[in-house]
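**Student:** would you be able to build a 3D model of this:
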Amino acid sequence: MSAIEPGTEDLSTLMAQLGRQARIGASALRNATSEQKRTALLTAAGAINAHRKKILAANELDMAAAREKGISGAFLDRLLLTNARIDAIIEAVTTIAELPDPVGTVIAEWDRPNGLHIERVRTPLGVIGVIFESRPNVTADAGALCIKSGNAVILRGGSDSVHSSRAIVDCLLDGLHLAGLPVECVQLVPITDRAAVGEMLKGLDGNIDVIVPRGGKSLVARVQSEARVPVFAHLEGLVHVYIDKSADLDKAVAITLNAKMRRTGICGAAETLLVHKDVVATHLKPVIEALVAKGCEIRGDANVLAMIPAAKPATEQDWQTEYEDAIISVKIVDSLEAAIAHIEHYSSHHTEAIIAEDAAAVEKFFNQIDSAILVHNASTQFADGGEFGFGGEIGIATGKMHARGPVGVEQLTSFKYRVRGNGQLRP
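**Tutor:** Predicted coordinates for the structure are as follows:
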């Protein structure tokens, strides 16, 4: 268990103690060997496997409470753990364990005319505060990525996943203990009071170096508004798929269906479909029929409604909505330029896809759209750190400073300069 447990102390005292202990953990991790970190994570992966029944039982407590509250199906899907999902967590932690250690990597080096040798070297950020909702796998991903990148982490999960997160963190602590690292490297806020988030956003007396929010629009907005420390913003996934006039029909059907319906509640799920007018006669109905057959509701513009009687009228709000459900907005566009204009106007700059065989259209789409992830002829649900080969992710950063796209071990480092001389003096 973590060294911090809820007791009689007030919330601000408790949170300040978490911050102080995290700084101790960060110091230990910054100086940990690559083998220590690898051992900690492989042991944690083994503990997750050994204690999967305990984790599933904890998750069922969370699921039962969520059902009692009448939580939506999409939310329940994000909260749910199964044996297959625990296998995926184990695989992610194991993959992260085997990644090259980023700490100490020389990013660049050069010599100056005066003989100085300068190196730019990766170094941990320090203490990372992760504030997330509902997804228990974030607990494992964030903990593992922070350990590997040499950062201590304070995890504040949603109240809905408190039992699941606690069970997973216990496994991470087993790994730290066996590797000879302090358990303060990974701490889970032991109370569900929302005021704890406010304390983290203040920085815990300077002990938090960066905040990563992972959740809905309201959470991210609060973090960005109140945080007194840097934020890696993970905004909503208002994801677009554009079917170009050069699109292959089979690809258009299969990719759109997967992008929307594989898992509707994740941030990489498509929310808006744009179809070039030149392929409406050939592509629109097959794509829509495939979506409807899987239970997807269609909300379309006037042109879509004329062809798809079962569709509902799309409002202005629909083009701005991350449904996280089996609903998609569909619009016919006159040109590639019109599709780009629509995306740039409504996008949350998360992920956008183009289905096309015309290389020039793809390059224009890639060059003119300013989103963190752009996809050609593949599902938007590949917008995931694990699928990028990062092992996992803390989130998809949609801002432009420091980290963008899936936040993995490299994105959780900064750098310092090492300057080596032989007695040089500046004139």
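
**Student:** what ranges do the helices span in this protein?
**Tutor:** Assigned by DSSP state H, the helices in the chain fall at 11-30, 34-50, 52-68, 73-79, 83-98, 137-148, 162-178, 195-201, 217-226, 249-261, 285-293, 302-307, 336-346, 359-368.

**Student:** just want the angle from the second one to helix 137-148.
**Tutor:** So the one you mean is helix 34-50. If you take axes from the mean of the first three to the mean of the last three C-alpha atoms, to 10 degrees, helix 34-50 sits at 160 degrees to helix 137-148.

**Student:** can you mark which positions in helix 34-50 are buried?
**Tutor:** Of the residues in helix 34-50, those buried by neighbour count under the rule 16 or more other C-beta atoms under 10 Å are 36-49. Just so you know, the C-beta spots here come from the backbone N, C-alpha and C atoms, and that holds for glycine as well.

**Student:** try stretch 333-352
**Tutor:** The neighbour-count check on stretch 333-352 (16+ other C-beta under 10 Å) flags 333, 336, 338-340, 342-343, 346-352 as buried.

**Student:** between those, which is closest to residue 239?
**Tutor:** Proximity of the buried residues of stretch 333-352 to residue 239 was ranked by C-beta to C-beta; the top entry is residue 351 with 4.9 Å.

**Student:** for beta bridges, what are the partners of the closest one?
**Tutor:** Beta bridges link residue 351 to residue 373, judged by DSSP bridges.

**Student:** residues contacting it?
**Tutor:** 237, 239, 268, 371-375, 380, 383, 396 (C-beta atoms under 8 Å, 6 or more residues apart in numbering).

**Student:** how near is it to residue 161?
**Tutor:** 24 Å (C-beta to C-beta, to the nearest Å).

**Student:** what does residue 361 give?
**Tutor:** The gap separating residue 361 from residue 161 is 42 Å, by C-beta to C-beta.

**Student:** again with residue 148
**Tutor:** According to C-beta to C-beta, residue 148 and residue 161 sit 23 Å apart.

**Student:** buried sites along stretch 218-230?
**Tutor:** For stretch 218-230, a neighbour-count test (16+ other C-beta under 10 Å) marks 219-220, 222-223, 227, 229 as buried.

**Student:** of the residues you listed, closest to residue 427?
**Tutor:** Nearest to residue 427 out of these is residue 229 (C-beta to C-beta; 40.1 Å).

**Student:** show the pLDDT at the closest one.
**Tutor:** Looking at residue 229, its pLDDT reads 92.

**Student:** hmm, it is touching residue 210, no?
**Tutor:** Yes - between residue 229 and residue 210 there is a contact at 6.2 Å, judged by C-beta atoms under 8 Å.

**Student:** which residues do the two both contact?
**Tutor:** residue 129.

**Student:** mind checking how far residue 56 is from residue 47?
**Tutor:** Counting by C-beta to C-beta - residue 56 and residue 47 are separated by 14 Å.

**Student:** let me fix that, I meant to ask about residue 425.
**Tutor:** 55 Å.

**Student:** equivalent analysis for residue 408, please.
**Tutor:** Using C-beta to C-beta, residue 408 is found at 22 Å from residue 47.

**Student:** isn't residue 342 up against residue 274?
**Tutor:** Yes - in this structure residue 342 lies within contact range of residue 274 using C-beta under 8 Å: 6.1 Å.

**Student:** so what are the domain limits for this protein?
**Tutor:** The chain breaks down into these domains under automatic domain parsing: 11-234+407-419, 239-382.

**Student:** okay, those in JSON lines with distance to residue 401 next?
**Tutor:** Converted to JSON lines, the domains of the chain look like this (distance: least, C-beta to C-beta, whole Å):
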{"stretch": "domain 11-234+407-419", "distance to residue 401": "8"}
{"stretch": "domain 239-382", "distance to residue 401": "12"}
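
**Student:** can you tell me which residues contact the closest residue to residue 385 other than its chain neighbours?
**Tutor:** Leaving aside its chain neighbours, residue 385 sits nearest to residue 393 (2.7 Å; criterion: C-beta to C-beta, 6 or more residues apart in numbering). Residue 393 makes contacts with 141, 145, 384-386, 406-408, as judged by C-beta under 8 Å, 6+ apart.

**Student:** apply 6 Å and report the result again.
**Tutor:** Counting by C-beta atoms under 6 Å, 6 or more residues apart in numbering, residue 393 touches 385, 406-408.
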